[in-house]
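Visitor: Generate coordinates for the sequence data below:
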Amino acid sequence: MADTSVDAIGAPLTRSPRGRAIRGRGAGSSGLTSLLTRRMVTAVPLLLVVSSFNFLLLSLTPGDAARQMLGTSGTPEQYEALRRQLGLDLPVYEQYGRWLGHAVSGDFGNSITSGTPVLESIMSRVPVTMSLIVGSLLVSVVVGVGLGVFSAVRGGVIGRAVDALALLGWALPVFWVGSVLVVVFAIKLEWFPALGYVPFTESPQEWVRSLVLPVTALSLGSVAAVLKQTREAMLDVLGSEYIRMAAANGVSRNSLIYRHALKNAAIPVVTVLGVQTIGLLGGAVLIESVFSVPGLGSLVVGSALAHDIPTVQAVAVFFTVVVIIVNLLVDLAYGLLNPRVSTA
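Guide: Numbers count the residues shown, from 1 in each chain. Alright, predicted model coming up:
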C-alpha cells in the first residue's frame, strides 16, 4: 500500500508501492514529458545491457548454428567454411558489434536456419503471443479484482476460502495446469482443441476456442496474485478512518466500496498487474510449448535450440521493449488514479 504523510509545508507526500515519492500536485503535460524523457533515457542502456548479456550467453552455449545446420554428415572443411560464411569465426565482441550496428538501423538480419527476415518472423507471431497475454490480463483483472473485492467485503469463511484458492493457484506450475486442462477438457470432454491456434481472421469463434485453455492455464497465477493484493488493499482501505466517517455521514454501501474504497486500493493492484504482465511473457514461452501455439515463445525456444542468434536477439529486444512500455503504463496509471501522483 502507498503510505501518505505531509511534508514541511503541509502538502500531501505519498510513497508509491514501488518506492517513488508522490507530491500533492497535478500531473500536467510537463510532468508527462519529463516522465517520457526519463523512460527513454533509461531504455537505451537497458536495451544495451540485455542484448549484450544475451549475446554473450548464446555464444557460451555448446555448439553453434553451423554444426546444427550440417548435422553429423558435414566434413570439418564444410563446417569451417560455413562458420566463416555465417561470421561465427569472428570474436564475440566483433560479432555483437556487427549485429548492433545493423540493429540500430532496424535491420535485425535474417534467420540463420530458415533464411527469412527476423522481423518478418517476429511480426507474424506477435498477434498470437499478444492474444495470450492480453486475454490472461483480462481474466486476471475481472476474476482477480472481482473475487478480491467480494472476499474483502464478505470476509469470514468466504474470505479464508478465497485466500486458500489464491494460494493454490499461485503454487500450481503453469505447464502442469496446462497438461491437466488438455487431458480433461480437450481429450476426455472434447470441449476445446488440444493444440494449435486459429487466427481471428479465419474464424473468430475458433480463435476464442483455441485460446480458452492456454489463457486459463497462463492466467491462473496472475489471478491468484491480483486476488490476494486486491483483498489486502481493500481490507486496509475499508478499515481506514475516512471510510468510517463516510459511512457515518450516510454514504451508501455500494458507493463506499466501488467509488471510494476500490479507487484508493487500485494503486497497489496496478503495481501487481504490471509485474504479472512481465511475468506472463515468460509464462507464454511454456504455454506455447505445451499447446503448440505458434507465438514468440515457441519461436525463441526453437531458435535457441538451433543457435539462431539473430532471431533470439530480436525476440529478447522485443520483450525488453514490452517491459519498458509496461512500466511506463503503470506510472501513467498512477497519475490517472491519483492526480497528485508524481513519479520521481
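Visitor: quick one, strands of the stretch 51-200 of the chain?
Guide: Here the stretch 51-200 of the chain has no strands by DSSP state E, counting those that start in this stretch.
Visitor: so where's it uncertain?
Guide: 71-72 (pLDDT under 70).
Visitor: residue ranges of the helices in it, please?
Guide: In the stretch 51-200 of the chain, the segments counted as helices under DSSP state H, counting those that start in this stretch are 65-70, 76-86, 92-104, 118-139, 146-154, 156-171, 174-181.
Visitor: For Glu241, which of those helices is the nearest?
Guide: Closest of these to Glu241 is helix 146-154, at 17.4 Å (criterion: Cβ to Cβ). Glycine gets a C-beta too; all of them are placed from N, C-alpha and C.
Visitor: just to revisit the earlier point, among the helices of the stretch 51-200 of the chain, which is nearest Ala333?
Guide: helix 118-139 (13.0 Å).
Visitor: now the angle between helix 92-104 and that closest one, please.
Guide: Angle of helix 118-139 versus helix 92-104, following axes from the mean of the first three to the mean of the last three Cα atoms, to 10 degrees, is 70 degrees.
Visitor: Now helix 118-139: buried residues?
Guide: 118, 121-122, 125, 128-129, 131-133, 135-137, 139 (16 or more other Cβ atoms under 10 Å).
Visitor: roughly how far is that helix from the heart of the chain?
Guide: Distance of helix 118-139 from the chain centroid (Cα atoms, centre = their mean, to the nearest Å) equals 11 Å.
Visitor: Now tell me what touches that helix from outside.
Guide: 106, 108-111, 114, 197, 199-200, 207, 211, 214-216, 218-219, 222-223, 273, 276-277, 280-281, 283-284, 287-288, 293-299, 310-311, 314-315, 318 (Cβ atoms under 8 Å, 6 or more residues apart in numbering).
Visitor: Please flag which of the residues you listed sit within helices.
Guide: 207, 211, 214-216, 218-219, 222-223, 273, 276-277, 280-281, 283-284, 287-288, 296-299, 310-311, 314-315, 318 (DSSP state H).
Visitor: Buried subset of the contacts of helix 118-139 as a PyMOL selection?
Guide: In PyMOL syntax, the buried subset of those is picked out as below (16+ other Cβ under 10 Å):
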select buried, resi 108+109+110+111+197+211+214+215+216+218+219+222+223+273+276+277+280+281+283+284+287+288+293+295+296+297+298+299+310+311+314+315+318
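Visitor: so what's Thr42 up against?
Guide: So Thr42 contacts nothing (Cβ under 8 Å, 6+ apart).
Visitor: dump the residue contacts of Ser298.
Guide: Ser298 makes contact with Arg125, Val285, Glu288, Ser289, Ser292, according to Cβ under 8 Å, 6+ apart.
Visitor: so what's the second one up against?
Guide: With contact set as Cβ under 8 Å, 6+ apart, Val285 has these partners: Gly297, Ser298, Val300, Val301.
Visitor: what about the last one, is that helix, strand or coil?
Guide: By that I understand Val301. Three-state assignment for Val301 (DSSP: H, G, I helix; E, B strand; the rest coil): helix.
Visitor: Burial check on it, number of neighbours?
Guide: Val301: 16 surrounding residues under other Cβ atoms under 10 Å.
Visitor: Do you know the pLDDT at it?
Guide: On pLDDT, Val301 comes in at 86.
Visitor: Distance check, Gly178 against Met234.
Guide: Remark: distance between Gly178 and Met234 (Cβ to Cβ, to the nearest Å) = 31 Å.
Visitor: Could you dump the helices of the stretch 51-200 of the chain into TSV and include distance to Ile187?
Guide: Shown next, in TSV, are the helices of the stretch 51-200 of the chain (distance: least, Cβ to Cβ, whole Å):
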stretch	distance to Ile187
helix 65-70	34
helix 76-86	43
helix 92-104	43
helix 118-139	21
helix 146-154	29
helix 156-171	23
helix 174-181	10
